[in-house]
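# The amino acid sequence is not available; the structure is as follows:
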């Protein structure tokens, strides 16, 4: 019993130091970008470990993490959709007839709560014709620019991409608890 | 020769980026209500800034400068998506009804169900 607890403690502690090291590297990278590699490393070396430690201590452990290996596919998806979204809205703006048929729609979110849901809400606001308006429980209310577009299909597709990115499961649409 | 082609590509990308910003601003004026205006601003500006950043990346001298440009774009994306969401949510909470095209039937997602009677 005692051995198990001790092993558990050791695992938690080693995980903490791994995450600490990862965060330090990320912050050092950020420092390098912000200073454009021009130095100030004495200051950075003092502040970075402090921030990394405080960050890990004060923020609760995240339940969902992005898998770096899935990032490239996601970035390509996002860039492609951004292009579609920008061109779509620009074309609507410039047409004299201003082709809009807006609607507020509600759909159950199939992703787990927390980071994946937040990502979905931010990303769909940058996708063609959709804008997050409100989250009530597990129901996402969003505004769409033209309900003749296949917005719900796009949204489900985006959900699948985000589930891939986080390596998490999706509930089947429509079965979310009331 | 290669330099001038590169300059041409950069010029094209940056001009296109600026054009999307201008179109986004036209959308802000032309679109009928708060929700549709957020669409115009977030999406057109996201693409516009993206094109400008790619144009600048082609001429960026160092890796650190390039990374900074990409970082700026990412932060702007997050800021514009969250700001758009917050404005839309505030409008929704105040009960701002979305504008609807005159010649269309009520949309299928209309969030105003007929009042129900017979509560207990």
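Received the coordinates, thanks. All of these numbers come straight from a predicted model, not from anything done at the bench.
# Pretty sure residue A:149 sits against residue A:105.
No. The criterion here is C-beta atoms under 8 Å, and residue A:149 misses it with residue A:105 at 11.1 Å. Yep, even glycine has a C-beta here, placed from its N, CA and C like the rest.
# okay, the two: which has more neighbours?
residue A:105 (20 against 15; other C-beta atoms under 10 Å in any protein chain shown).
# The more buried one is in what secondary structure piece?
Using DSSP states H and E, residue A:105 falls within strand A:103-108.
# How about that strand and chain B, touching?
Yes. Strand A:103-108 reaches chain B (C-beta under 8 Å from any C-beta of the partner chain) through A:103-106.
# from these, which is closest to residue A:118?
Nearest to residue A:118 among the residues of strand A:103-108 next to chain B, counting by C-beta to C-beta, is residue A:106 at 18.0 Å.
# The closest one: how many residues sit nearby?
Neighbours of residue A:106 (other C-beta under 10 Å): 13.
# Wait, it touches residue A:138, no?
No. Look at residue A:106 against residue A:138 with C-beta under 8 Å: they stay out of range, at 10.6 Å.
# Strand partners (parallel or antiparallel) of the strand holding residue A:105?
In the sheet, strand A:103-108 lines up against strand A:139-144 (antiparallel) (DSSP bridges).
# for whichever helix or strand comes after the partner strand, which positions count as buried?
Next helix or strand after strand A:139-144 toward the C-terminus (DSSP H and E): helix A:151-166. Neighbour counts over helix A:151-166 (16 or more other C-beta atoms under 10 Å in any protein chain shown) mark A:151-152, A:154-155, A:158-159, A:161-163, A:165-166 as buried.
# Tell me the pLDDT of residue B:98.
In this model, residue B:98 is scored at 86, pLDDT.
# Spatially nearest residue to the most centrally placed residue in chain A (excluding sequence neighbours)?
Central residue of chain A (C-alpha atoms, centre = their mean): residue A:119, 3.2 Å from the mean position. Spatial nearest neighbour of residue A:119, chain neighbours left out: residue A:162 (5.2 Å); criterion: C-beta to C-beta, 6 or more residues apart in numbering or on different chains.
# ok, the one you found to residue A:115 distance?
9 Å (C-beta to C-beta, to the nearest Å).
# What residue in chain A comes nearest to chain B?
Proximity to chain B, evaluated over chain A using C-beta to the nearest C-beta, is greatest for residue A:86 at 2.7 Å.
# my guess is that residue contacts residue B:47, does it?
Yes. Applying C-beta under 8 Å, one finds residue A:86 in contact with residue B:47, separated by 2.7 Å.
# hey, what's in contact with both of the two?
residue B:20 (C-beta atoms under 8 Å, 6 or more residues apart in numbering or on different chains).
# Give me the number of neighbouring residues for the closest residue to residue B:65 other than its chain neighbours.
Distances taken as C-beta to C-beta, 6+ apart put residue A:36 closest to residue B:65, at 5.7 Å, once the chain neighbours are dropped. Residues near residue A:36, counting by other C-beta under 10 Å, number 15.
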